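Participant: Only the shape, not the letters, is given here:
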């Protein structure tokens, strides 16, 4: 009798675990079925914006544009920026919250798209006045959906 009770409890428990999972799988299938893949990009499209880098400067270092050249006040870094023809420095974040996190020190540097970006990136990363430097990456959606939004976030 006890064995039969344990067996029926085990079967009930397994069925209870499987029910919510199967419902989610059906729901996921219907969303996926309505999704249409976006057009794929050609292989020669770069994953970043040519002629742009995102750079976070150390505290106390602030770039400024003088005679269409970006300068920061450090001779070595100013020479590097001039060598690669960096002509603009645009602050990315400017809110009060960003100053607490250091995001107010992130700038988009613009230079000629023909310049050797990897060399500039390497040289900037090695400079002590720079916390990080990276390409201005592009992100693309992989698919779109025809399902109407049913969430309050939309």
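Facilitator: Looks like it arrived, so ask away. Since we're looking at a predicted model, the values are computed, not measured.

Participant: rest of the way, CA atoms for contacts and neighbours
Facilitator: OK.

Participant: who touches the longest strand anywhere in the chain?
Facilitator: Counting residues, the longest strand found in the chain (DSSP state E) is strand 48-57. Residues from elsewhere that reach strand 48-57, judged by Cα atoms under 8 Å, 6 or more residues apart in numbering: 103, 105-115, 117, 121, 129-138.

Participant: C-terminal to that strand, which secondary structure element comes first?
Facilitator: Once the chain leaves strand 48-57, the next helix or strand it forms, by DSSP states H and E, is strand 64-66.

Participant: in that following strand, what counts as buried?
Facilitator: For strand 64-66, a neighbour-count test (16 or more other Cα atoms under 10 Å) marks residue 64 as buried.

Participant: Please report how far residue 97 lies from residue 136.
Facilitator: According to Cα to Cα, to the nearest Å, residue 97 and residue 136 sit 22 Å apart.

Participant: and the two? which has more neighbours close in?
Facilitator: Comparing residue 97 with residue 136 by neighbour count (other Cα atoms under 10 Å), the higher total belongs to residue 136, at 17 against 11.

Participant: Pull the number of nearby residues for the closest residue to residue 58 other than its chain neighbours.
Facilitator: Among residues not flanking residue 58 along the chain, residue 129 sits closest, at 5.3 Å (Cα to Cα, 6 or more residues apart in numbering). Using other Cα under 10 Å, the number of residues around residue 129 comes to 18.

Participant: buried ones in the longest strand of the chain?
Facilitator: 50, 51, 52, 53, 54, 55, 56, 57.

Participant: Sheet partners, orientation included, of it?
Facilitator: Partners of strand 48-57 in the sheet, by DSSP bridges, are strand 106-110 (antiparallel), strand 130-137 (antiparallel).

Participant: and residue 75, which of these is closest to it?
Facilitator: Closest to residue 75 of the strands paired with strand 48-57, according to Cα to Cα: strand 130-137, at 13.9 Å.

Participant: Report the buried residues of the closest one.
Facilitator: Under the neighbour-count criterion of 16+ other Cα under 10 Å, strand 130-137 has 130, 131, 132, 133, 134, 135, 136 buried.

Participant: and the closest residue in space to residue 51 that isn't next to it in sequence, how far is that from residue 50?
Facilitator: With sequence-adjacent residues excluded and distances taken as Cα to Cα, 6+ apart, residue 51 is closest to residue 113, at 3.9 Å. Plainly put, residue 113 is 5 Å away from residue 50 if you go by Cα to Cα.
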